[in-house]
Structures are given as C-alpha cells and as structure tokens.
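*Asks:* Please work out how this folds:
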Amino acid sequence: MTDPQDLTLELEVEAKIIRANLACDYEDYEILDLAYITSVCSQPYSKNTSIRRPMDYTISKLSELLNWRITSGASTALSSLKLASTTKLALSSNLLGTSKALAAIINTNSMYIHGYTKDKHPILWLRCDRKGWYIGDVAAEIQVCSLATLMQNLMLTLILFRNSELLRNGRPSHRSNAPKLGRNLLRGDRRHVLPPPPSPSFLVAALKGLVKGYPDRLHKLIAAPSGGVMKTVVNIATPLLPSRLADKLTVLSTVEEARLELEGLLQNGLDDVPTFFGGEADHEEFYPKDIGVTADIGESGSATGTGSGTGSRKNVLNFDIDKMMDRMKERCPE
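*Replies:* All right, here's what the predicted structure looks like:
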C-alpha cells in the first residue's frame, strides 16, 4: 500500500507537471489552480476504478475543459457582462451584442450564487419561474451559468426551483381550469398556470457543460418541486451523463421534501432554506424578481439607475456581480 505522504507528494508533483503542460497551449490555464488539478488527478479512473486517473487522461480531461471555455464563450463571459455598463465607447463596440444578451439574462435574477452547504460548497440557484420554457439563446444562458467559475476552488451545488406558490403537494393549484400554458406564455402571463421546468435544450447543454467545462465540480443537483415533465426531462438528460454525475441528480416532488432535504444540506439549516421552500432566508432581499433589464445612459456614458429606464440603450448590466461575490466571502465557512 502506498504511504499517504508519498501519495500526496506524488499528486503535488503530477499536478505541477500537468499545469505546466497546459500553460504551453492555453492562455486561460491560470483558472486551474494546483488544488483543483490535484483533486482531478486523485479520482478513480473510469476504465479501471482500482487505480487513479493516469496523467495523460487528466491532461486530456483538463484540455477539454479549457477548449470548452473557449468555444462556449465562458472565458470571456465576465468581461462581456461588465462591458455592458461601462462607457458609450464600449457599448458601441463589436462586443455590444454579446454584452447585451448576457446582461438581459442575468438581470432577471434567475441565476445567482448564494450561500453554502454544510460541506462548504457554494450554491448556484436557478429560478425556473423567472425563465420561459423556450429559451432563444441557450449559448448565452450557458455563459451566464459559467460565472460559477468565480467560485473555482470549490465544488458546486445546483438547485433548480419552480414557483411553489402554484403547487400543492407537487401538483398544480386549484386553478386547473386556467387557459393553456402556451397561450399564457405568449402573453407573458403565467399567474394561473404551472411555471415551466427548464428548457430541455438548456438543461442538456448545462449538464454537458458540467461534464466538459467543470469536471468533478458538481457536488449535487436538486430539482424541486417537480412534476412529471421535469422528471421526463431529467430522464432524457441522464443517459447522456457519466454515471458519477448522474448519481448526483435529485428530483423532489414537493416543497416539503425540498425543505427537509435543504435543511439537512445547507450551512445553517432551516435559517438558510429560502422562503420559497418553506424556510427563513428571504432571497428577494438580494435578488428581487423585478430588477429591470434596462437603464439610462448618463452624459458620462455610464449606466445609471437600476430599474426600467427610457434611454435608447437597453439591457445594460443591473445585476451587481461584485456585491454577490462580497456576500459569498462574508458567508464563507472557515
């Protein structure tokens, strides 16, 4: 049996060699710190679980990660977002289209990082009630999801939420005689119908992104409250995933099931469970539904205001990424 100290030293040396190898081919290699590379190296090899991953396999896996970041636009997502609320010069650049698309998505407060699990994993919340079933720009949505790499040194817990106010024990409320879902979606009026689960194309792309762009980063994925459609979508996506990732998916039918699950999972128990899951934490304080997707551009060229504006330029960034990260640092477990 290998001495634990010898194995630790072996992994550290191997991680340094791998990082140096990646540095020769990728400018973005610095996002991969030695702790993460060591973690990837130490995992069991899928073709022979009695040994850990060979160095060549780990280099291939991390090269795929860096290639995915380039092709998906993840490597430039943060800079593109910040560009959306800087200057008139920046807003008139060729990157304006991408910047506006990303800002319009994140301004909905439908995706954000907030809080930790008891195991010190940060949590990415996906609020499906703030998205539509049909997502026109899946690529841009995935770029916004990639901002989870701001927490690059930690594994991630992803929680999908559907509006619990319209559910009773996981089923639609008494307003079951409401107009059909499609007609309401076109009107933008979903008060009387069950909100949609994630777009299938978005969910599949997000899960593939976790495999290619964030190997071994997902700690757990919880979807709740979920009806038959959501379970069908997950069943479709699951065969596309490695078994180690598929085993991390949990689909819960009711708000009560979600509350119990999260109470045992989150850092401060019930105090950290959101009010929309029957807990004490009010996410609306930091991530309200109506943040607005437009703002006025002042004389200096910078964006002003946080609500809907009347300026000719729209979809600038109103979501405060820096404050979100400051809150995460304040809450970070020691």
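*Asks:* From now on I want contacts and neighbour counts done on CA atoms only, so please keep to that.
*Replies:* OK.
*Asks:* Tell me which stretches of the stretch 101-250 of the chain form helices.
*Replies:* If DSSP state H, counting those that start in this stretch is used as the criterion, the helices of the stretch 101-250 of the chain fall at 138-145, 181-187, 200-213, 228-237, 243-246.
*Asks:* okay, the angle between the first one and helix 200-213?
*Replies:* Computed with axes from the mean of the first three to the mean of the last three CA atoms, to 10 degrees, the direction of helix 138-145 lies at 50 degrees from that of helix 200-213.
*Asks:* Show me what helix 138-145 is packed against.
*Replies:* helix 55-72, helix 96-106, helix 200-213 (3 or more CA pairs under 8 Å, 6 or more residues apart in numbering; DSSP states H and E).
*Asks:* looking at those, which is buried most?
*Replies:* Of all those, helix 96-106 has the most neighbours on average by mean count of other CA atoms under 10 Å, namely a mean of 22.
*Asks:* and the angle from that one to helix 138-145?
*Replies:* Using the same axes, to 10 degrees: helix 96-106 against helix 138-145 is 70 degrees.
*Asks:* Which neighbouring elements make contact with helix 96-106?
*Replies:* helix 77-83, helix 138-145.
*Asks:* just the CA coordinates of that helix, formatted as CSV?
*Replies:* What follows is helix 96-106, C-alpha atoms only, in CSV (Å, rounded to 0.1, in the frame of the first residue of the first chain):
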residue,chain,number,x,y,z
LEU,A,96,-22.1,45.0,-27.6
GLY,A,97,-24.4,42.3,-28.9
THR,A,98,-22.9,39.6,-26.6
SER,A,99,-22.8,42.0,-23.7
LYS,A,100,-26.4,43.0,-24.0
ALA,A,101,-27.5,39.4,-24.4
LEU,A,102,-25.7,38.3,-21.2
ALA,A,103,-26.9,41.3,-19.3
ALA,A,104,-30.5,40.7,-20.3
ILE,A,105,-30.3,37.2,-18.9
ILE,A,106,-28.6,37.9,-15.6
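*Asks:* Mark out where each domain of the chain begins and ends.
*Replies:* With domains defined by automatic domain parsing, the chain comprises 4-71, 73-107+291-334, 110-290.
*Asks:* for the chain, what's the longest helix?
*Replies:* The longest helix of the chain (DSSP state H) is helix 4-23.
*Asks:* Let me see the contact set for residue 239.
*Replies:* residue 246 (CA atoms under 8 Å, 6 or more residues apart in numbering).
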